[in-house]
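Student: Just the structure for this:
(one chain, ligands or ions: 1)
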Amino acid sequence: MTKVPIAVAYGDGIGPEIMSACLHILTEAGAQIEPHVIEIGEKIYLQGHTAGITPEAIETLRQTRVFYKAPITTPQGGGFKSLNVTTRKLFNLFANVRPCVSYHPFIETKHPGLDVVIVRENEEDLYAGIEHRQTPEVYQVLKLITRPGTERIIRYAFEYARAYNRKKVTCMTKDNIMKLTDGLFHKIFDEIGAEYPEIEKEHWIIDIGTAKLADTPQQFDVVVTLNLYGDILSDMVAQIAGSVGLAGSANIGPNMAMFEAIHGSAPRRAGQNLANPSGLLHAGILMLVHIGQPEVAERVHNAWLRTIEEGYHTYDIYREGISREKVGTKEFAQAVARNLGKQPEHFKPVRYTQEGGPAKVIAIPSYERINRPQKELIGVDVFVEWLPGKPQELAERIQAALPPSMKLTMISNRGTAVWPNTVEETFLTDHWRTRLMSKSGTPITHEDVITALQAYRQAGLDFIKTEHLCRFDGEDGFSKGQGE
Ligand code: NAD
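Tutor: Presented below is the predicted three-dimensional model:
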């Protein structure tokens, strides 16, 4: 078998120790890999590369298309961009897959039997990083949810469930509040879910869903959710499984994949042969399956389970009375290497091969653009900065200036409608949304929007942004004000 080139980064802090330990195990297990070492992280940030990675390293990633990454330290202070977010976006790594399992009775947990895979959308949502300070009092971040991005992650979750014989996929959103964005995610979950009749489907509102998942994780199987919710959920589930030191994650894109532990560089533990390499090893196992070496993945995983059963534990999972010996990073890796070829006795052996054949490859069809709906511009939200005053006063200033084709229908402050109906108690900031609609009900033009803005300028109103109000095939593409 020819060796598969992979980019390897040793990272910062405990990174180099755990990466050496993992590469030792993978090589001993017979992994056919050819590591190409790249430098990323703290040193590179401090050389002035704001994302912690050099153009040469990016080129190596483009060529190898597989990235095995140890944790890095992000220097304190402003101006540094997250290396992970940069890599995910540069290489379109849309799916973040994090299997979390508890290892009772060998690793302490309140949840024996926890076995949950979090599939998190990895590129969209609030992580687009589009933020603005709009007024002295108000800051904004844009939450972007797209149909292509959502279809892809939902389909990935169902295909993953099918490939790994998972019985249920749970979707979590907050669509009772964010009806358009989270609503789209939920709607596409229902649409695509219908193509997988053999898989049980359910939807939870993220708040109660998180509570349920923390309380009875045994009731969950695969969970698919949006980027921010998934970020929080996946750390929570890894922690309640036993330790954040144990889980690995895969960041998957159409042309590239990145594999890493979920924990950070733990600088206080660095250089002492203390750290647990298990999270990075689990990431390595996911990588082996991805590059078509599932039988090696199986050997490594089963040897690791056997080592945990035997009680060779690093300090973070060591428990008097349960563990046999507290071992360092290197000794742990040696114990796993010794167990290669052995099966666990307490835990069920892991199988990545299907009836002796290769693991199923999860292929997502490329996005097919839907027929573009008919779009009509029927109004505009003009946001203005205005020192807190009476909504009626603002309304009168706008109404006096507006061109005859437009009417003011609503003013809101922090999303709550405060005009035409005003509740005295509502707290007001300096950031107002004023909703203008076409008077006749017929579509308006960009010219009308510009005329309206000129009217605001003449009225001395500081407009800070506009949002067009459109109908798509007759359906409103905007939300109402709270209380409107
Ligand atoms: P951390 O995950 O490094 O450490 C949190 C706690 O877990 C510490 O007590 C640490 O000792 C322990 N721990 C973590 N990994 C361990 C392991 N393998 N074995 C034993 N104990 C382990 O989180 P942090 O302290 O918040 O962050 C430290 C640095 O890591 C920061 O610079 C942060 O930006 C970075 N970080 C990087 C990544 C990444 O590269 N993917 C992820 C998270 C944090």
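Student: Spit out the contact partners of residue 476.
Tutor: Going by CB atoms under 8 Å, 6 or more residues apart in numbering, residue 476 touches residue 469. C-betas here are computed from N, CA, C, even on glycine.
Student: Can you check the distance spanned by stretch 454-463, start to finish?
Tutor: This stretch, stretch 454-463, spans 10 Å end to end (CA to CA, to the nearest Å).
Student: Revised request: answer the last question for stretch 137-145.
Tutor: So stretch 137-145: terminal residues 26 Å apart, CA to CA.
Student: For it, which outside residues touch it?
Tutor: Counting by CB under 8 Å, 6+ apart, 124-126, 128-134, 178, 181-182, 184-185, 226, 414, 429-431 sit against stretch 137-145.
Student: one more time with 10 Å
Tutor: 121, 123-134, 173, 178, 180-185, 188, 226-228, 383, 385, 387-388, 413-414, 428-432, 464-465 (CB atoms under 10 Å, 6 or more residues apart in numbering).
Student: Pull the distance from that stretch to the chain's centre.
Tutor: 18 Å (CA atoms, centre = their mean, to the nearest Å).
Student: residues of that stretch that come out buried?
Tutor: Neighbour-count burial for stretch 137-145, with 16 or more other CB atoms under 10 Å as criterion, is recorded at 138, 143, 145.
Student: how many other residues sit next to residue 197?
Tutor: By the criterion of other CB atoms under 10 Å, residue 197 has 8 neighbours.
Student: quick one: buried residues of the lowest-mean-pLDDT helix or strand in the chain?
Tutor: In the chain, no helix or strand scores lower on mean pLDDT, DSSP states H and E than helix 83-90, which sits at a mean of 86. Neighbour counts over helix 83-90 (16+ other CB under 10 Å) mark 83, 84, 85, 87, 88, 89 as buried.
Student: Contact partners for the last one?
Tutor: For residue 89, the contacting residues are 51, 82, 122, 123, 124, 127, 128, 129, 253, taking CB under 10 Å, 6+ apart as the criterion.
Student: With the second one instead?
Tutor: With contact taken as CB under 10 Å, 6+ apart, residue 84 is in contact with 51, 52, 69, 71, 72, 74, 93, 96, 122, 251, 258, 260.
Student: got CSV for the residues you listed, with neighbour count, pLDDT and secondary structure too?
Tutor: Shown next, in CSV, are those (neighbours: other CB atoms under 10 Å; pLDDT from 0 to 100; DSSP: H, G, I helix; E, B strand; the rest coil):
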residue, neighbour count, pLDDT, secondary structure
51, 19, 88, coil
52, 28, 91, coil
69, 26, 97, strand
71, 26, 95, coil
72, 26, 94, coil
74, 18, 85, coil
93, 23, 94, coil
96, 24, 96, strand
122, 27, 93, coil
251, 26, 95, strand
258, 26, 96, strand
260, 27, 96, strand
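Student: So what's the residue count around residue 127?
Tutor: 20.
Student: and what of residue 7?
Tutor: 24.
Student: quick one: the helices in the stretch 1-150 of the chain?
Tutor: Using DSSP state H, counting those that start in this stretch, the helices assigned to the stretch 1-150 of the chain run over residues 15-28, 42-46, 55-64, 83-90, 147-163.
Student: List the buried residues in the first one.
Tutor: The one in question is helix 15-28. Quick answer for helix 15-28 (16+ other CB under 10 Å): 15, 16, 17, 18, 19, 21, 22, 23, 24, 25, 26, 28.
Student: Equivalent analysis for the last one, please.
Tutor: Using 16+ other CB under 10 Å as the burial criterion, the residues of helix 147-163 that qualify are 149-161.
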